[in-house]
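>>> Return atomic coordinates for the entry below.
(one chain, ligands or ions: 1)
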Amino acid sequence: DKAHIGVTGLAVMGRNLARNLARNGHRVAVHNRHRERTDELLELFGSEGEFVPSYSLRELVDSLERPRRVVVMVKAGGPTDAVLEELVPLLDEQDIVVDAGNANFEDTRRREAELAERGVRFVGAGVSGGEEGALHGPSIMPGGASSAYRDLEPTLRSIAADVEGTPCVTHVGPDGAGHFVKMVHNGIEYADMQLIAETYDLLRGVLGHTPAQSAETFRSFDRGRLNSYLIGITAEVLDHTDERTGRPFVDVVLDQAEQKGTGRWTVQNALELASPVSGIAEAVFARSLSGNTELRAAGSGLPGPRGARTPEREQFVADVEQALYASKIVAYAQGFDQIRAGSHAYGWEIDLASVAAIWRGGCIIRAKFLDRIRAAYEQNPGLASLLADEDFRQALSGAQESWRRVVATAAEFGLPTPGISSALAYYDTLRAERLPAALVQGQRDYFGAHTYRRTDVDGVFHTEWAGDRSEHEA
Ligand code: NDP
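All right, here's what the predicted structure looks like:
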């Protein structure tokens, strides 16, 4: 009997994805560059379903029914190209290769075009949810030809996370659309984590909360509208006691956040698209700065505030919840704005409501909140910003005074809140009737004759700043 689908790359993610497929009744051919991982998978989990071990890509390909479906789950970048180089010549027209790794969407666009020339269908699928997600149901974001998606859809639906009967998988769009959306997902994840971390820092720095007390506060947040996977794990981490020292775990971990690159990609792409994802950028920079020991050493000893009035506890906790929620709305609004911009720039026609829907389960940013985003885009697919949605407007209107108090308190206490503060700045920028951008235009015209437009008449103008300061149409 031929296998329904093959998986090559059996590290944590590939192994768990293969197990998930087998557990859901698919006959899975499995392969890894070094055979030990294949043997280990069979030895430890062989009883979970039907696995067909393969010790070369040729064997893997030969064991598959047609059209062949091969999932590549190896280290992103060069290793993926190396595997494709060996794999693709073994395939026939109409066969499907799914790259389920964290590929850069530009690479996916290139690979999709290259494979299409040989008649092989390439699907770049973002997969989120970590090891646990891969095993029990991830959120899957496939991009590529519709015909390939149609072929894969029943299989993908059977292994994806499920929210109220709806599997967390949808055809995101052509070529790189899936990996693009996965990239922005990770960017939003960075922003969300940073906002939560700032909230913890405020509870501690302003109210003197212990990590365990903060854990309790996050648990209470988790029972409300902030209910999410990230808030839940935050409480778990804060509550954890280090075995070695008996101290709170967060107090013994080096405070230098690392990154694997998807946040940086998101910001780089946002700069290209001129999509202002300040929350994601602040989160990426906050990680970079945390790890920059040279700058931190240079800044150590700089004076901080001489004293600040401690706000009333219950009020401050309530304010912080409002500030976190409002900032989160901004972070997601920015991320969805980037997807909209990318979709437009690359001609993908991504349905934003479906993206919100498949993020409700399986992935790292899964949250109750995403259902509201789905509803907002379902009601109005052309929504220019989530901030313009009536429900979110109301939430922001209810939150904004608390939000301002929190940012003011953070400044008074000398606690850095780049995420929360920049979110408020974004909100106030969108709200503003007039922006000081008018002055920037004046400055540009002064030193570079860069010209400006006027509010009252059409046309492009320049003022003779060095001369008689008369205005000319440029
Ligand atoms: P790794 O990213 O650590 O990759 C290890 C796998 O890649 C092994 O199977 C390894 O084979 C294979 N590999 C590396 N180089 C080559 C090569 N030149 N040729 C053939 N195979 C190669 O594994 P993960 O399971 O963590 O992740 C797999 C993919 O999933 C990555 O793209 C990752 O970014 C993505 N991902 C990971 C998540 C996570 O939580 N870890 C979440 C979502 C996506 P060998 O055993 O022979 O060395």
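
>>> What average pLDDT does stretch 15-27 get?
Averaging pLDDT along stretch 15-27 gives 98.

>>> make that stretch 414-431, sorry
Averaging pLDDT along stretch 414-431 yields 98.

>>> what does it contact?
With CB atoms under 8 Å, 6 or more residues apart in numbering as the test, stretch 414-431 has contacts from 191, 194-195, 198-199, 201-202, 205-206, 276, 278-279, 282-283, 285-286, 304-305, 308, 323-324, 326-327, 330-331, 334, 385, 387, 396, 400, 403-404, 406-407, 410, 435. (C-beta placed from N, C-alpha, C; glycine too.)

>>> go with 6 Å
Residues outside stretch 414-431 that contact it (CB atoms under 6 Å, 6 or more residues apart in numbering) are 194-195, 198, 201, 205, 278-279, 282, 286, 304-305, 323, 327, 330, 387, 403, 407, 410.

>>> mind listing what's buried in it?
415, 417-424, 426-427 (16 or more other CB atoms under 10 Å).

>>> and the residue of the stretch 1-150 of the chain at minimum distance from the ligand, how many residues sit next to it?
Using CB to the nearest ligand atom, Gly101 is the residue of the stretch 1-150 of the chain that sits closest to the ligand, at 2.5 Å. By the criterion of other CB atoms under 10 Å, Gly101 has 26 neighbours.

>>> repeat for Glu114
Neighbours of Glu114 using other CB under 10 Å come to 14.

>>> same question, Glu471
12.

>>> Check Arg309 too.
Arg309 has 7 neighbours, counted by other CB under 10 Å.

>>> mind checking how far it is from Val460?
51 Å (CB to CB, to the nearest Å).

>>> ok, the residue of the stretch 1-150 of the chain closest to the ligand - contacts?
Gly101 is in contact with 73, 76, 80, counting by CB under 6 Å, 6+ apart.

>>> by contact count, what packs against the longest helix anywhere in the chain?
When the chain is parsed with DSSP state H, its longest helix is helix 313-346. Packing partners of helix 313-346 (3 or more CB pairs under 6 Å, 6 or more residues apart in numbering; DSSP states H and E): helix 177-207, helix 262-273, helix 390-413, helix 418-431.

>>> got the angle between it and helix 262-273?
60 degrees (axes from the mean of the first three to the mean of the last three CA atoms, to 10 degrees).

>>> Tell me the buried residues in helix 313-346?
Buried residues in helix 313-346, defined by neighbour count with 16+ other CB under 10 Å: 316-317, 319-343, 346.

>>> re the thing from before, just the buried ones from the contacts of stretch 414-431?
For the contacts of stretch 414-431, a burial check counting by 16+ other CB under 10 Å picks out 194-195, 198, 201, 205, 278-279, 282, 286, 323, 327, 330, 387, 403, 407, 410.

>>> biggest separation within these, which pair?
By the measure CB to CB, Gly205 and Leu387 form the most distant pair in those, at 28.7 Å.

>>> Now do the closest residue to Asp389 other than its chain neighbours, the pLDDT please.
Using CB to CB, 6 or more residues apart in numbering and skipping residues adjacent in sequence, the residue nearest Asp389 is Ala376, 3.9 Å away. In this model, Ala376 is scored at 98, pLDDT.

>>> In the stretch 351-474 of the chain, what residue lies closest to the ligand?
Taking CB to the nearest ligand atom, the ligand has its nearest neighbour within the stretch 351-474 of the chain at Ile364, 8.6 Å off.

>>> Let me see the contact set for that residue.
Counting by CB under 6 Å, 6+ apart, Ile364 makes contact with 128, 189.

>>> That one - that's part of a strand, no?
No: counting by DSSP: H, G, I helix; E, B strand; the rest coil, Ile364 is not part of a strand but coil.

>>> ok and the residue in the stretch 151-300 of the chain nearest the ligand?
Going by CB to the nearest ligand atom, the ligand is nearest to Lys260 of the stretch 151-300 of the chain, at 7.2 Å.

>>> what are the phi and psi angles of that residue?
Backbone torsions of Lys260, given as degrees, to the nearest 10, read phi -100, psi -10.

>>> Any chance you could list what contacts stretch 344-362?
Contacting residues not belonging to stretch 344-362 are listed as 129, 133, 137-139, 161, 163, 168, 170, 172-174, 177, 181, 273, 336, 339, 343, 365-366, 370-371, 373-374, 377-378 [CB under 6 Å, 6+ apart].

>>> is it true that Ala235 touches Arg219?
Yes: with contact defined as CB atoms under 6 Å, Ala235 reaches Arg219; the gap is 4.8 Å.

>>> Which of the two has more residues huddled nearby?
Ala235 (20 against 16).

>>> List the contacts of that one.
215, 218-219 are the contacts of Ala235 under CB under 6 Å, 6+ apart.

>>> Please give the element, helix or strand, for it.
helix 229-239 (DSSP states H and E).

>>> mean confidence for that helix?
The pLDDT scores in helix 229-239 average 98.

>>> If we go by neighbour counts, what in that helix is buried?
By 16+ other CB under 10 Å, the buried positions in helix 229-239 come out as 229-232, 234-235, 237-239.

>>> Give me the next element, helix or strand, following that helix.
Downstream of helix 229-239, the first helix or strand assigned by DSSP H and E is helix 249-252.

>>> Let's verify Arg37: helix, strand, or coil?
Using three-state DSSP, the structure places Arg37 in helix.

>>> What is the burial count for it?
Based on other CB under 10 Å, the number of other residues close to Arg37 is 18.

>>> Kindly report the same for Asp162.
Around Asp162 there are 15 residues (other CB under 10 Å).

>>> who's it bridged to?
Pro167 (DSSP bridges).

>>> and this structure, which residues reach the ligand?
Contact residues, the chain versus the ligand (CB under 6 Å from any ligand atom): 9-14, 32-34, 37, 73-76, 79, 82-83, 101-102, 127, 130-131.

>>> Could you identify the buried members of those?
Among the residues of the chain next to the ligand, those scoring as buried are 9-10, 13-14, 32-33, 37, 73-74, 76, 83, 101-102, 127 (criterion: 16+ other CB under 10 Å).

>>> any residues touching the lengthiest strand in the chain, and which ones?
Taking DSSP state E as the criterion, the chain has its longest strand at strand 121-128. Applying CB under 6 Å, 6+ apart, the contact partners of strand 121-128 are 96-100, 103, 108, 111-112, 115, 138-145, 148, 176, 178-179, 182, 185, 363-364.

>>> Kindly recompute the last result at 7 Å.
With CB atoms under 7 Å, 6 or more residues apart in numbering as the test, strand 121-128 has contacts from 94, 96-100, 103, 108, 111-112, 115-116, 134, 138-145, 147-149, 152, 176, 178-179, 181-182, 185, 362-364.

>>> ok, how many other residues are close to Ala125?
27.

>>> If it is in a bridge, with which residues?
Pro142.

>>> Can you give me the pLDDT of it?
Predicted confidence (pLDDT) for Ala125: 98.

>>> Over to Gly307?
pLDDT at Gly307 comes out at 89.

>>> where does it fall, helix, sheet strand or coil?
Quick answer, by three-state DSSP: Gly307 is coil.
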